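*Asks:* prediction below, plus the sequence it came from.
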Amino acid sequence: MKLNHLVTSLFAATALLSATTVVQAAEVEVLHYWTSGGEAKSVAELKKMMEAKGISWKDFAVAGGGGENATTALKARVIAGSSPTAAQIKGPSIQEWGRENVLANIDAVAVNEKWDALLPKVVSDVMKYKGHYVAAPINVHRVNWLWINPEVLKKAGATTPTNFDEFFVAADKIKAAGLIAVAHGGQPWQDATVFESVALGVGGADFYKKALVNMDQAALTGPTMIKTFDTLGKIKTYIDKNSPGRDWNLATAMIINGQAGMQFMGDWAKGEFTAAGKVAGKDYLCVAAPGTEKAFTFNIDSLAMFKVNDPATQKAQLVLASTIMSPEFQEVFNLNKGSIPARAGVSPAKFDTCAVKSMADLDTANKAGGLVPSIAHGMAVNAAKQGAITDVIARFMNSTMSSQDAVAALAKAAKTR
Ligand code: BGC
């Protein structure tokens, strides 16, 4: 081989190599906290779809329900100047990250695909920073659910509760039958999850909005909030002693295996039932948390997109955003996750009775003023306020604090900026 031939072929080989490198560089790194059985199955669907489009998936999963650990990890990465391509951020936090000037504008996809027309305005507003899309919505989770093992109810001679009086009657019967009435994991975000459903059940949607969205001091300290803590305090007595630190999915497993009767949890719990091969309405029941039938506490998951420098990654990021909004993804992810699609135009045909109920209840609640943002899951107030409020609830759950002291502490926490 002549020298110049050798050089030419070397050049060709190098060009090929760098072309391959470019293709391989099409990667998205996604930071999320979907690590339970049902959650992992759900996010695996996104990975699969991205890989089918030739984009590799770098998983940055941070265990810890509710996402507190994930947020800490994300902050460290962004401060270090190595943001992931996308991260599981939602609600008012998207605005907070936007103000840090670290989020990427994904209008190129969102405008082209007409996201404004596909999303309810309350959802699209949250996905935008200063009028530009920076995040893609994944689903709508309902938080105010009660998950029930019907076999446990039957064994105990109890019936499905629709309000707190009935709830405590059922809980007493389950306890008397030697089983655990309330499956709960003693972690602050789970405590807050129960608290917000109790506040909604005890006080209704208008009270919830006044106290937990508008942070109205009178509502935060009034008799309805006292009653909320009294009710929460009573629920505490039906939780087993091994609850501290227990992960939420292990509490759900207690319902699945018949060790416990009822769990207050958002419908990501359904992902666990589904992953265990359980059928809604037969093996388990999903009912609105006591007294909350007409209301809907929403929690919308989204992936916010971060500014990245590499052009290939920028392209891959837009593909990720587009994939998330595709009807195919919104269907398969939410079938696994327990939530319902965030966008219009996804057929409900494959969804189970819990999801169909969620869709109908969302609509009804929306029309009747019963649609409220979840405070425990970052939809209602900023992260600092949410953290301070969650701390108060956790302190109440883990001490002998009185309801009076709890409302005083709550009202103070509500002033956190
Ligand atoms: C998230 C869900 C997640 C749950 C448990 C919620 O805040 O919105 O997607 O499954 O926490 O980690």
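*Replies:* Arrived safely, thanks for sending. Keep in mind it's a predicted model, so treat the numbers as computed, not measured.
*Asks:* got a list of what the residue of the stretch 251-400 of the chain found nearest the ligand touches?
*Replies:* With C-beta to the nearest ligand atom, the shortest gap between the stretch 251-400 of the chain and the ligand falls at residue 268, namely 3.4 Å. For the C-beta atoms, the positions are set from N, CA and C on the backbone; glycine is no exception. Contact analysis of residue 268 by C-beta atoms under 8 Å, 6 or more residues apart in numbering lists 36, 38-39, 141, 248, 337-339.
*Asks:* now with 10 Å?
*Replies:* 34, 36, 38-39, 42, 65, 139, 141, 143, 145, 248-249, 252, 299, 301, 337-339, 377 (C-beta atoms under 10 Å, 6 or more residues apart in numbering).
*Asks:* just the helices from the stretch 251-400 of the chain, written as ranges.
*Replies:* 269-275, 311-325, 327-337, 353-368, 383-397 (DSSP state H, counting those that start in this stretch).
*Asks:* quick one: the fourth one to helix 327-337, angle?
*Replies:* This points to helix 353-368. With axes from the mean of the first three to the mean of the last three C-alpha atoms, to 10 degrees as the basis, helix 353-368 and helix 327-337 are set at 110 degrees to each other.
*Asks:* what's the spacing between helix 353-368 and its chain's center?
*Replies:* The chain centroid and the centroid of helix 353-368 are separated by 17 Å under C-alpha atoms, centre = their mean, to the nearest Å.
*Asks:* what mean pLDDT does it get?
*Replies:* Taken as a whole, helix 353-368 has an average pLDDT of 97.
*Asks:* got any ranges where this protein has weak pLDDT?
*Replies:* Within the chain, the stretches with pLDDT under 70 are 1-25.
*Asks:* mind running it again at 50?
*Replies:* 1-23 (pLDDT under 50).
*Asks:* residue 277 contacts residue 283, doesn't it?
*Replies:* Yes - judged on C-beta atoms under 10 Å, residue 277 makes contact with residue 283 at a distance of 8.5 Å.
*Asks:* the two: which is more packed in?
*Replies:* residue 283 (15 against 8; other C-beta atoms under 10 Å).
*Asks:* give the burial count for the residue nearest to that one when sequence neighbours are not counted, as a bare number.
*Replies:* Once flanking residues are discounted, residue 283 sits nearest to residue 273: 7.0 Å by C-beta to C-beta, 6 or more residues apart in numbering. Here the count is done by other C-beta under 10 Å, and residue 273 has 25 residues near it.
*Asks:* which stretch of helix or strand covers the residue nearest to residue 392 when sequence neighbours are not counted?
*Replies:* Nearest non-adjacent residue to residue 392, counting by C-beta to C-beta, 6+ apart: residue 409, 4.5 Å away. In the assignment (DSSP states H and E), residue 409 maps to helix 403-413.
*Asks:* could you list the buried residues of that helix?
*Replies:* 403, 406-407, 409-411, 413 (16 or more other C-beta atoms under 10 Å).
*Asks:* can I get those in TSV including distance to residue 85?
*Replies:* Putting the buried residues of helix 403-413 into TSV (distance: C-beta to C-beta, whole Å) gives the following:
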residue	distance to residue 85
403	46
406	42
407	43
409	40
410	38
411	41
413	35
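*Asks:* taking helix 383-397 as reference, get the angle to the helix holding residue 409.
*Replies:* Using the same axes, to 10 degrees: helix 403-413 against helix 383-397 is 170 degrees.
*Asks:* okay, helix 403-413 in PDB with CA atoms only?
*Replies:* Extracted C-alpha coordinates of helix 403-413, given in PDB (Å, rounded to 0.1, in the frame of the first residue of the first chain):
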ATOM      1  CA  SER A 403     -52.900  19.700  68.200                       C
ATOM      2  CA  GLN A 404     -52.900  23.300  69.700                       C
ATOM      3  CA  ASP A 405     -49.100  23.300  69.600                       C
ATOM      4  CA  ALA A 406     -49.100  21.800  66.200                       C
ATOM      5  CA  VAL A 407     -51.300  24.500  64.600                       C
ATOM      6  CA  ALA A 408     -49.200  27.200  66.300                       C
ATOM      7  CA  ALA A 409     -46.000  25.600  64.800                       C
ATOM      8  CA  LEU A 410     -47.800  25.200  61.400                       C
ATOM      9  CA  ALA A 411     -48.800  28.800  61.300                       C
ATOM     10  CA  LYS A 412     -45.200  29.800  62.000                       C
ATOM     11  CA  ALA A 413     -43.800  27.400  59.300                       C
END
